[in-house]
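**Q** Have a look at this prediction, sequence included:
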Amino acid sequence: MAVKCENGVYRQENGTWAYRFSILIDGRRISRKKTTDENGKQLKTQKQALKAREAAIANAHIEMKRTKKISRRTVKEVFEEYCEKGRNDRKYQTIRKQDSLWENHLCEKFGKRFIDDISVAEVNDYLAGLYYTDNYSYQYTESFLKMFYLIFGQAYSRNYLVVDEYNKLCVNKDTRIKMPKLKSEDDTDIVAFSREELKKMDRYFEGTNAETAYLLGRYCGLRINECYGLKWENVDLENGTIYIDRQMQYQKGVVMLVAPKTRNSKRTIYLNDFMKTYFHKIAEQRKDDEEKFAIHRQQNRKMIQDIDGKMIYSTDLVNCLFDGKIQTINSMKYHSREIKSKLNIDFKFHHLRHTYGTLMAEMNTPAHLLCNQMGHGNIHVTQRYYIAISKTGIEVLKQNLNRL
């Protein structure tokens with residue numbers, strides 16, 4: 001039985017607190033009775049309950065004012081307004097991805113619907129259909145979920161959704177739209193190459209045009225766009241470091257150097273002794289090539305727009321052929337096919353990054369240092385490498401079990 005208390009708050013049998021109120025706002029009665037604050041946390045003290053009640057009453061007044069101004073908009077109108085006013089700070093690839101999802105999927109299905117007519121169940125059913133029926137990957141389906149959060153968030157911020165509806169769609173963990181249950185056969189874990197596979201690939205890439213990019217992925221954990229966007233001016237041979245502050249991308253069919261994936265992607269990478277020796281070797285080779293193939297390099301080099309808008313030559317890039325021809329992120333596709341065919345290894349460049357992170361974690365590299373080297377924005381992403389199960393890790397586990 002709840003204990004009565006003044007000021008609209010009371011203590012419950014389990015020791016937690018609750019509040020209630022019933023007020024008139026512009027002739028309309030608003031009643032609330034809750035045991036949690038606006039963030040969903042339980043009220044453990046009378047003081048917390050009083051504070052939560054005051055906040056709830058204030059929000060009720062604000063919401064009544066918002067409700068008067070609510071204008072109905074279709075999903076298409078919300079998205080178009082966002083495109084016009086709300087994404088000027090978004091990166092080119094993000095805009096392309098959003099436009100693709102909208103034009104190829106969401107516009108036809110939801111474009112003409114009023115934003116406040118769409119229910120949680122309807123969106124959940126749509127996501128389930130994409131994943132289970134259309135067999136889209138879990139990661140790709142998740143991009144649809146993010147689009148829905150984006151659109152509903154924009155609608156709420158522009159007064160096209162009331163707070164209760166927005167909370168139900170996007171905030172309340174019990175009711176909000178969410179991803180379908182992961183299929184048992186889906187693998188979203190980190191994929192790392194074994195040491196035997198690495199030895200085979202070391203031999204395969206040695207002496208090829210893609211050797212430098214491969215080694216940057218293997219020993220530095222770089223993303224493929226970062227590898228091909230690396231400039232010689234960012235290589236410090238004396239200190240044995242490289243600085244990542246840009247990446248290569250295709251934008252409207254044109255190769256450009258742009259800002260890296262995230263703010264944390266800007267970082268200084270420390271090279272091991274093997275990579276220091278390797279970079280000294282290719283730096284010397286570059287000097288020789290500049291003399292031996294001077295005419296070829298002048299004829300073959302291409303102009304590329306750098307991150308600051310200035311034009312540079314392809315010969316300024318680390319991953320450039322001896323004759324000045326540019327190498328791009330597409331240069332690795334041929335090798336992926338060859339490795340699959342000749343070595344029976346499912347090669348994806350990004351798995352080199354996974355392998356780098358896994359091996360560094362196995363060697364007990366402090367998580368905060370590995371997070372910095374990999375350019376992660378959140379250390380929780382890095383910590384996945386410490387719980388990923390590799391073949392080496394399984395062998396260690398078996399040895400330890402036999403020692404029990």
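**A** Arrived safely, thanks for sending.

**Q** Report the residue ranges of every domain in the protein.
**A** Per the record, the chain has its domains at 9-69, 75-171, 195-387, by automatic domain parsing.

**Q** want to throw those domains into JSON lines with mean neighbour count and distance to residue 177?
**A** Glycine gets a C-beta too; all of them are placed from N, C-alpha and C. JSON lines is the format used below for these (neighbours: other Cβ atoms under 10 Å; distance: least, Cβ to Cβ, whole Å):
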{"stretch": "domain 9-69", "mean neighbour count": "14", "distance to residue 177": "17"}
{"stretch": "domain 75-171", "mean neighbour count": "16", "distance to residue 177": "4"}
{"stretch": "domain 195-387", "mean neighbour count": "16", "distance to residue 177": "22"}
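
**Q** Let me have those domains in TSV, adding mean pLDDT and distance to residue 402 as columns.
**A** Shown next, in TSV, are those (pLDDT from 0 to 100; distance: least, Cβ to Cβ, whole Å):
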stretch	mean pLDDT	distance to residue 402
domain 9-69	85	47
domain 75-171	93	37
domain 195-387	94	19
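
**Q** Select, out of the ones you listed, the one closest to residue 179.
**A** Within the domains of the chain, the stretch nearest residue 179 is domain 75-171; the backing value is 5.8 Å (Cβ to Cβ).

**Q** re the thing from before, do you know which of the domains of the chain lies nearest residue 178?
**A** Taking these one by one with Cβ to Cβ, domain 75-171 is closest: 6.8 Å.

**Q** Reformat the domains of the chain as TSV; add distance to residue 400.
**A** What follows is the domains of the chain, written out as TSV (distance: least, Cβ to Cβ, whole Å):
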stretch	distance to residue 400
domain 9-69	41
domain 75-171	33
domain 195-387	14
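
**Q** Residue 181 is nearest to which of those domains?
**A** Among the domains of the chain, if distance is taken as Cβ to Cβ, the winner is domain 75-171, at 8.7 Å.

**Q** can you count the residues close to the residue nearest to residue 384 when sequence neighbours are not counted?
**A** Leaving aside its sequence neighbours, residue 384 sits nearest to residue 190 (Cβ to Cβ, 6 or more residues apart in numbering; 5.9 Å). For residue 190, the neighbour count with other Cβ atoms under 10 Å is 18.

**Q** Determine whether the claim that residue 190 is in a helix is correct.
**A** No. Under DSSP: H, G, I helix; E, B strand; the rest coil, residue 190 falls outside any helix and is assigned coil.

**Q** Just want the phi and psi numbers for it.
**A** phi -70, psi 130 (degrees, to the nearest 10).

**Q** residues touching it, list them.
**A** For residue 190, the contact set (Cβ atoms under 8 Å, 6 or more residues apart in numbering) comprises 354, 357, 358, 384, 385, 388.

**Q** Closest one of those residues to residue 149?
**A** residue 384 (22.6 Å).

**Q** contacts for the strand or helix carrying that closest one?
**A** Using DSSP states H and E, the element containing residue 384 is helix 379-387. Helix 379-387 is contacted by residues 190, 354, 357, 358, 360, 361, 367, 368, 370, 371, 374, 376 when judged by Cβ under 8 Å, 6+ apart.

**Q** Check those against residue 91 and report the nearest one.
**A** residue 376 (17.5 Å).

**Q** Tell me where the stretch 251-400 of the chain has helices.
**A** 273-292, 294-300, 333-343, 349-362, 367-374, 379-387, 391-402 (DSSP state H, counting those that start in this stretch).

**Q** Among the ones you listed, which comes closest to residue 74?
**A** helix 379-387 (36.5 Å).

**Q** quick one: that closest one to helix 391-402, angle?
**A** 60 degrees (axes from the mean of the first three to the mean of the last three Cα atoms, to 10 degrees).

**Q** how many degrees apart are helix 379-387 and helix 349-362 in direction?
**A** Going by the same axes, to 10 degrees, helix 379-387 makes 80 degrees with helix 349-362.

**Q** roughly how far is helix 379-387 from the heart of the chain?
**A** 14 Å (Cα atoms, centre = their mean, to the nearest Å).

**Q** now for the helix or strand where residue 122 lies, which elements pack on it?
**A** Secondary structure assignment for residue 122, by DSSP H and E: helix 120-128. Judged by 3 or more Cβ pairs under 8 Å, 6 or more residues apart in numbering; DSSP states H and E, helix 120-128 is in contact with helix 138-157.

**Q** Now the following helix or strand past the helix it packs on - C-alpha only, PDB.
**A** Following helix 138-157 in sequence order, the next helix or strand is helix 163-166 (DSSP H and E). Extracted C-alpha coordinates of helix 163-166, given in PDB (Å, rounded to 0.1, in the frame of the first residue of the first chain):
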ATOM      1  CA  VAL A 163       6.300  14.400 -27.900                       C
ATOM      2  CA  ASP A 164       4.400  11.300 -26.900                       C
ATOM      3  CA  GLU A 165       4.300  10.000 -30.400                       C
ATOM      4  CA  TYR A 166       8.000  10.700 -30.900                       C
END
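
**Q** quick one: the strands in the stretch 201-350 of the chain?
**A** 235-236, 241-244, 247-251, 254-258, 267-270, 303-305, 311-313 (DSSP state E, counting those that start in this stretch).

**Q** TSV for these, including distance to residue 344?
**A** Shown next, in TSV, are the strands of the stretch 201-350 of the chain (distance: least, Cβ to Cβ, whole Å):
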stretch	distance to residue 344
strand 235-236	35
strand 241-244	32
strand 247-251	30
strand 254-258	32
strand 267-270	31
strand 303-305	36
strand 311-313	39
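
**Q** Which of those sits closest to residue 53?
**A** Smallest distance to residue 53 across these (Cβ to Cβ): 47.3 Å, for strand 267-270.

**Q** Report the strands that pair with the closest one, each with its relative direction.
**A** Its sheet considered, strand 267-270 pairs with strand 241-244 (antiparallel) by DSSP bridges.

**Q** Dump the contacts of residue 190 into a markdown table; add distance to residue 165 as well.
**A** Compiled in a markdown table, these are given as follows (distance: Cβ to Cβ, whole Å):
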| residue | distance to residue 165 |
| --- | --- |
| 354 | 40 |
| 357 | 41 |
| 358 | 44 |
| 384 | 35 |
| 385 | 40 |
| 388 | 40 |
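
**Q** from the residues you listed, which is closest to residue 232?
**A** Nearest to residue 232 among those, with distances taken as Cβ to Cβ, is residue 357, at 26.3 Å.
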